[in-house]
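Novice: sharing a sequence plus its predicted fold:
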Amino acid sequence: MRVCFIGDVHGHDEWHEPMADALARGLNVVFIGDYLDSFTVDGVSIYDNLSDILEMKRKYPDRITLLLGNHEYVYMMNKIATTTGGNSALAHDYYLLLNSNWDLFDLAWGYQGEHEYYLATHAGLTNEYYKKFILPEINNLNTSIGQLASDNVVLHKMLNFFKDKFSILWQVGTRTEFPTGPGSIIWADRIELLKDPFKNINQIVGHTALYSIDIQTVNKNNLYFINLKENIRVGALTLNLT
């Protein structure tokens, strides 16, 4: 299975070319989140850009996956701009756009290959976060997540259960200005993920801005960091998942 992963967009429109190329070649496309907020793109253009992405999702519902990032989640949670590059003037408009299309977004995407499992989230899944916030929910068999666990569903389907669990998801990475830690799958810092990646899976993430796409191997599993700094371009990486 071949998949094109597109990194943090932040209002830029360079996603068009890799997405169109991927669809033309029969590949699926996974956007890694953070469509909003920018220091270089005006707020109205950001709004229109996300609207275009949502339109493509509606056109290709089974080919395109839209993951949530922390920059979307803050508007849904607070209806105000509190992250870097946030836009207070358009915060309510962003909230309305997200809220009316909430069903088009996921928290996680995954693929079980013949030998390996691949998980895509905005910031990555660490062992510490899983043990502290996810595992207690799984162990509570009186909840829907407990039922999911008992049905042996794959990891990404279980994580998507937490899409509306604000208190569980708004756990901010340890290297931020106001950390709560350990960082959630929309907030984990790159250093957190490198030190403590969830065992026995490969992960594709964005969130931490880099000068180039980076691939690190930890405990025989690959971590793909695909978010590029805003003054470079929107990152895109095609993987052949086996």
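Specialist: Cool, got the structure. Computed from a prediction, not measured in an experiment: that's the story for all the values here.

Novice: any idea which helix or strand carries the closest residue to Arg233 other than its chain neighbours?
Specialist: Of all residues not flanking Arg233 in the chain, Glu14 sits nearest, at 5.1 Å (Cβ to Cβ, 6 or more residues apart in numbering). All C-beta atoms are positioned from the backbone trio N, CA, C, and that covers glycine. Counting by DSSP states H and E, no helix or strand carries Glu14.

Novice: and Glu14, how far is that from Leu228?
Specialist: 10 Å (Cβ to Cβ, to the nearest Å).

Novice: overlap of the contact sets of the two?
Specialist: Common neighbours of Glu14 and Leu228, using Cβ atoms under 8 Å, 6 or more residues apart in numbering, are Val234.

Novice: more neighbours: those two, which one.
Specialist: Shown here are Glu14 and Leu228; by other Cβ atoms under 10 Å, Leu228 has more neighbours (22 against 16).

Novice: number of nearby residues for the residue lying closest to the more buried one once chain neighbours are set aside?
Specialist: Using Cβ to Cβ, 6+ apart and skipping the chain neighbours, the partner closest in space to Leu228 is Gly235 (4.2 Å). The local packing of Gly235 (other Cβ under 10 Å) involves 26 other residues.

Novice: tell me who's in contact with Gly235.
Specialist: Per Cβ under 8 Å, 6+ apart, neighbours of Gly235: Ile6, Gly7, Asp8, Gly206, Ile213, Ile226, Asn227, Leu228.

Novice: can you list those in a markdown table and add distance to Ile138, pLDDT and secondary structure?
Specialist: Below are those laid out as a markdown table (distance: Cβ to Cβ, whole Å; pLDDT from 0 to 100; DSSP: H, G, I helix; E, B strand; the rest coil):
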| residue | distance to Ile138 | pLDDT | secondary structure |
| --- | --- | --- | --- |
| Ile6 | 30 | 98 | strand |
| Gly7 | 30 | 97 | coil |
| Asp8 | 29 | 97 | coil |
| Gly206 | 26 | 97 | coil |
| Ile213 | 33 | 96 | coil |
| Ile226 | 28 | 97 | coil |
| Asn227 | 29 | 96 | coil |
| Leu228 | 34 | 95 | strand |
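
Novice: just the buried ones among the residues you listed, please.
Specialist: The neighbour count (16 or more other Cβ atoms under 10 Å) marks Ile6, Gly7, Asp8, Gly206, Ile226, Asn227, Leu228 as buried among those.

Novice: and the residue nearest the centre of the chain, how close does it get to His12?
Specialist: In the chain, the centroid-proximal residue (Cα atoms, centre = their mean) is His122; its distance is 2.4 Å. His122 sits 17 Å away from His12, taking Cβ to Cβ as the criterion.

Novice: and for Tyr224?
Specialist: 20 Å.

Novice: between these two, which is the more surrounded one?
Specialist: Between Tyr224 and His12, Tyr224 has the larger neighbour count (other Cβ under 10 Å), namely 22 against 19.

Novice: which residues touch Ile46?
Specialist: His10, Gly11, Tyr35, Leu36, Asp37, Ser38, Asn87, Leu90.

Novice: the longest helix anywhere in the chain: how far from the chain's middle?
Specialist: Determined from DSSP state H, the single longest helix within the chain is helix 43-59. The chain centre lies 17 Å from the centre of helix 43-59; the measure is Cα atoms, centre = their mean, to the nearest Å.

Novice: identify the residues contacting the next helix or strand after it?
Specialist: As assigned by DSSP H and E, the chain's next helix or strand after helix 43-59 is strand 64-67. Strand 64-67 is contacted by residues 19, 28-33, 53-54, 56-57, 104-109, 120-122 when judged by Cβ under 8 Å, 6+ apart.
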